[in-house]
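Novice: Just the structure for this:
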Amino acid sequence: TWDDVWAAMKSDEAFKTDEDRRKEMEDMLRQYQPSEEQLGYYERRRATLDENSTYVLGEGKNESAGAARTVNLASSKQSAFRLDHVFNQALESELFGLSADELARLDEDDDYEDNDKTKVDGSAPQNDTSGVRTGSGKEENEEDGDIAQLNDELDRMLTPESIAKLKERKAKEQRRQARVEQDKYAMLDESSVDEFSEMLPNPVIEYPFDLDVFQKRAVLRLERGETVFVAAHTSAGKTVVAEYAIALCQSHGTKAIYTSPIKTLSNQKYRDFSKTFSSVGIVTGDVSINPEANCLIMTTEILRSMLYKGADVIRDIEWVIFDEVHYVNDEERGVVWEEVIIMLPEHVGIIMLSATVPNALEFASWVGKTKRRKVYVISTLKRPVPLEHHILVRKEMFTLVDTKRNFMNLNYKTATDADAELQKKIRQAAGGGRAHAWPTLVNFLEKNSLTPCVVFCFSKRMCEEAVESLKSLDLSQSGAEKAQIHLFFENSIKRLSNDDRALPQILRVRETLKRGIGVHHAGLLPLVKEITEILFSRGLVRVLYATETFAMGVNMPARSVVFSSVRKNDGRGFRFLEPGEYTQMAGRAGRRGLDSVGTVILYFAPGNIPSLTELKSVMVGTPLRLRSQFRLTYNMILNLLRVEDVRVEDVIRRSFCEAPAERDGEKIRKLLVAGRKKLRSLEPKLQEFQQFLGYQKLSEKVDRLTQRINESILASSQGFIPGRVVLLTRRDRGLGMGVILKPPRKAPIGSRAASAQLEFFIAVLHLRGSVVSTGSTALFDVLPSIDPSIPQEVQQEMGFFFEIKELSQRNILSLAKKKLKLDGTRLMPARGLPDREELVRVLSELHGLATTETLPEAMHPRKDLGLNDIEMEEMWKARENDLCAMRNSECLSNPRFGIAFDLLSQHSLLKHKMEQLEWAISDSSLQLLPDFSQRMEVLKSLRYINDEGSVQLKGRAACEVNSCDSLVLTEVVFENIIMELQPCECAALMSAFVFQEKTDAEIEIPTESLQVAKAEVSRILLALGTVQADAG
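Specialist: Below is the predicted model of the structure:
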């Protein structure tokens, strides 16, 4: 782990005694330290379903909903282009003919990547009260692992070349950091607001309290008509920014659109804004009230539909407010936010309200570039009511995280000991007992004045079971409260029919609410959920059992919050909560102006307390970065094809997932100009060396074959082992010979090599020549005895030139049968220099092999390595023949060979890189282009579009389907399946398209016509799956 490397470095004597050396080592190691993203993100996502999969039923928000039979198909998504894999300044600047000044100017337009300075709460606890290291879970007094290996890593990192690269990287980082404030599209707003009242003497709305600094900054930006991204904690006051924008619109006679990710939040904002503003409307899938109002509240999907249809209201919009914009990380619905931001007209201002995220500047820069305007990022870590986090075992609370975010490791140990004792008593008493004791919890909350309280459960079933177990408890404070609840409930349902008022859900919820206990989840009727929300906001519900959607921006703080677990099922499997999810829900604790501290309680079933590392990761870990979830759907493609001035390819290119590639666009264009200039300068010289072209092409062919062969050899235990003689390629020209010193090791996660799929490094002793050899006409490079151009890494010992270094497998051309007896630890010691006696002995043997007339016999993939792959054996034979041809080539005896080979290789490499760069700025490089092409073929096959791409009748109908899979439902309609059904049967069939739960239960279908309809839908599903499979 990184902690082990750091500990080993600190144990070095030079670290303690040499100040300059210590600082140099610290700087070096910090540069190599893996990012939080590299360490955590892929590990957390590893167990989830492949993100590049799609479904026949996969259009709307109910990705996994629908009929019993689905067809799972892999969609085509190509890898994102990485400029650093094509152009490395340290290696390729000379290849492109760039001078130092041109290189500096090229870098000036290089956008930052990870330079966000936005404050993020949660990167690590401020102070750890024990020796447990966050992330590794190791105690300080544990063994640091293989110290020799760690020192080996340090020595490999702290070379003169790596130190020089570090200095260059630091200088570049300083230039980038200086440009962050001057970025064309995003800027962190840290302006002074000391003179706020003078800067804004006549605000459009007055507040009875003094605004916080971040609110003042946002208000001033809105007055200037500037786009803002506001990142702050739950209940910090982000709504003030939205209210001010709405007030501005009303004063200007324009419209404001407020979008939210869930209907619960939309309903609550409608109630709140209606108290402040006169003209407020709401449009969701459940309700439409006053749709002509100046302030319209809606879900993001509704706004997307309006944009695609070109609704008249779009012309009058001045501001669009995206609340909970971090919802862009949602794998199912995050794409909607990107679609809307891309499709919004240029005249519309954008306000983004979000929880704290690490890469707010990066996201803001993408929005700014997409909309061609600067976005001001306004961030605050201030939490109005500080939080304390506890764990409850039996009837005792143990503080885990204090108000300063210190994690109490000793208290965790005490709590786990108490939990173990509790389990022992339960087993002795009656056995079992691994369920929550809800009455015990509620009594504890009441006794300690911790109500009103929200208890988060991560399933509807658990919510209902918890409420059912509290039948004997009555939390109402008085008869007057019971009367209030009764009157409000009855008044709210009076418009329902008698039959609807007698629904079991209505009766059950009414009875529990009268006792001061509520439940809130997606399985409740919208009216019932709204009744519960209002009663809770009035303090009449003392304990509310809710799923996590209740925490999504709903401004209903409680005195305390209880977590029944920190694991949830996200539809793909059980996983721990992300730190951002936990923070969002925990933020409901603490009522501003009423509570000095918000109380968060973890209440696990006996024996279910997570490990220390897992709890720390959830409670004080770093929130996830905003990441693109952009994907293509048939509905999106059809809608975009109907918009004449927008191409689907353009929308893909403007998406957040393509933002990194787009940032490099200008740099790529400059490199193309420089590369074309260099190619023109090389072409006249190429005419002189046409006779060497065949040898150079042959060497390229050998290199391609080698890469494919080595992929298989790496899996063999007999391949890359210490002592094996190998044939090498070199960056300058020709071939080289070496011997393997250590087994291959994988490239570090996140490194350039790993990203480029160069997965292994092999430690090799490379013979570079001897002082008795002359010229460069032999197969192996031989350096003259006196040569001022000898590379710095080449060393000399007893007349032999050599280098010991790690090479990637692409540098290994061939494995020889010949093995040398050697001691790798003496040649590559953890510390110090190689053993001279051993070194000279091995170099002498290598030199003897290199000066023979024939190549060392290569290992046969089948006979020697046991690889029974006919295709690979054919490639191996072809490569061996080509190597012999290279050995016997007359070019080697030509004194101009070295110059010619360098020039031809340079021209070929530059031409290849130019082709890669030209591809990178074309539509062909778009990650989702293969998926788009295949989906277009499906739409043509089903006649939703014609061969020219014009949307036909079926396609126009599919555009109107937004709540479920558009193709399946359109086929159902056009095949007249619902024509023979009664209204109740039709409703039953349609429920299959929006049902979000997973179930293995076989439901008995009551009517024959409905059974026929179900069979027809299954047939359509299979047919659509077949069409998609045929399209790739």
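Novice: distance of K529 from T547?
Specialist: K529 is 11 Å from T547, where distance means CB to CB, to the nearest Å. To be clear about C-beta, it is placed using only N, CA and C from the backbone, and glycine gets the same treatment.
Novice: Ok, L672 next?
Specialist: Taken as CB to CB, the span from L672 to T547 is 53 Å.
Novice: cool, and Q906?
Specialist: Applying CB to CB to Q906 and T547 gives a distance of 62 Å.
Novice: Between the two, point out the one with more neighbours.
Specialist: Each of Q906 and T547 has its neighbours counted (other CB atoms under 10 Å); T547 has more, 19 against 15.
Novice: Just the pLDDT at the closest residue in space to that one that isn't next to it in sequence, thanks.
Specialist: For T547, the nearest residue in space outside its immediate sequence neighbours is H521; the separation is 4.5 Å by CB to CB, 6 or more residues apart in numbering. If you check H521, the pLDDT there is 90.
Novice: Make 53 the starting number, not 1.
Specialist: Will do, 53 is the new start, and the previous item becomes H573.
Novice: quick one: contacts for H573?
Specialist: 512, 515, 598-599, 601 (CB atoms under 8 Å, 6 or more residues apart in numbering).
Novice: Which residue ranges make up each domain of this protein?
Specialist: If you go by automatic domain parsing, the domain ranges for the chain are 238-431, 439-672, 740-972.
Novice: Highest mean neighbour count out of those domains?
Specialist: Stretch with highest mean neighbour count among these: domain 238-431 (a mean of 20; mean count of other CB atoms under 10 Å).
Novice: which residues are in contact with both of K581 and T599?
Specialist: Contact with both K581 and T599 is made by residues H572, according to CB under 8 Å, 6+ apart.
Novice: which phi and psi does F628 have?
Specialist: When quoted as degrees, to the nearest 10, the phi and psi of F628 stand at phi -80, psi 150.
Novice: Roughly how far does it sit from S663?
Specialist: Note on F628: its distance to S663, by CB to CB, is 10 Å.
Novice: next one: A294
Specialist: On the measure of CB to CB, A294 and S663 end up 40 Å apart.
Novice: okay, how far is it across stretch 445-459, tip to tip?
Specialist: 18 Å (CA to CA, to the nearest Å).
Novice: model confidence over it, on average?
Specialist: 91.
Novice: Flag the shaky bits of this protein, pLDDT-wise.
Specialist: Applying pLDDT under 70 to the chain flags residues 53-146, 151-235, 482-486, 604-607, 766-770, 782-787, 798-812, 821-845, 905.
Novice: what's the single longest strand in this protein?
Specialist: Longest strand in the chain, counting residues (DSSP state E): strand 812-822.
Novice: Just checking: what are the partner strands of it?
Specialist: Strand pairing for strand 812-822, using DSSP bridges, gives strand 787-792 (antiparallel), strand 797-798 (antiparallel), strand 852-860 (antiparallel).
Novice: Might you calculate how far the last one sits from the centre of the chain?
Specialist: The reference is to strand 852-860. 38 Å (CA atoms, centre = their mean, to the nearest Å).
Novice: and if you look at stretch 647-657?
Specialist: Distance, centroid of stretch 647-657 to centroid of chain: 30 Å (CA atoms, centre = their mean).
Novice: Show me the contact partners of that stretch.
Specialist: With CB under 8 Å, 6+ apart, stretch 647-657 has contacts from 437-444, 449, 452, 455, 471, 486-488, 493, 502, 507, 609, 611-618, 638, 641-643, 662, 667.
Novice: May I have that stretch exported as CSV, CA atoms only?
Specialist: Provided in CSV are the C-alpha atoms of stretch 647-657 (Å, rounded to 0.1, in the frame of the first residue of the first chain):
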residue,chain,number,x,y,z
ASP,A,647,-30.6,22.4,17.8
SER,A,648,-27.0,23.1,18.6
VAL,A,649,-25.9,19.7,17.3
GLY,A,650,-27.5,17.2,15.0
THR,A,651,-27.4,13.6,16.1
VAL,A,652,-26.7,10.8,13.7
ILE,A,653,-27.2,7.2,15.1
LEU,A,654,-26.1,4.0,13.6
TYR,A,655,-28.4,1.2,14.8
PHE,A,656,-27.4,-2.2,13.4
ALA,A,657,-28.9,-5.5,14.1
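Novice: All the helices of the stretch 253-402 of the chain, in order from the start?
Specialist: For the stretch 253-402 of the chain, applying DSSP state H, counting those that start in this stretch gives helices covering 265-275, 291-304, 315-328, 352-361, 386-395.
Novice: Lovely, talk soon.
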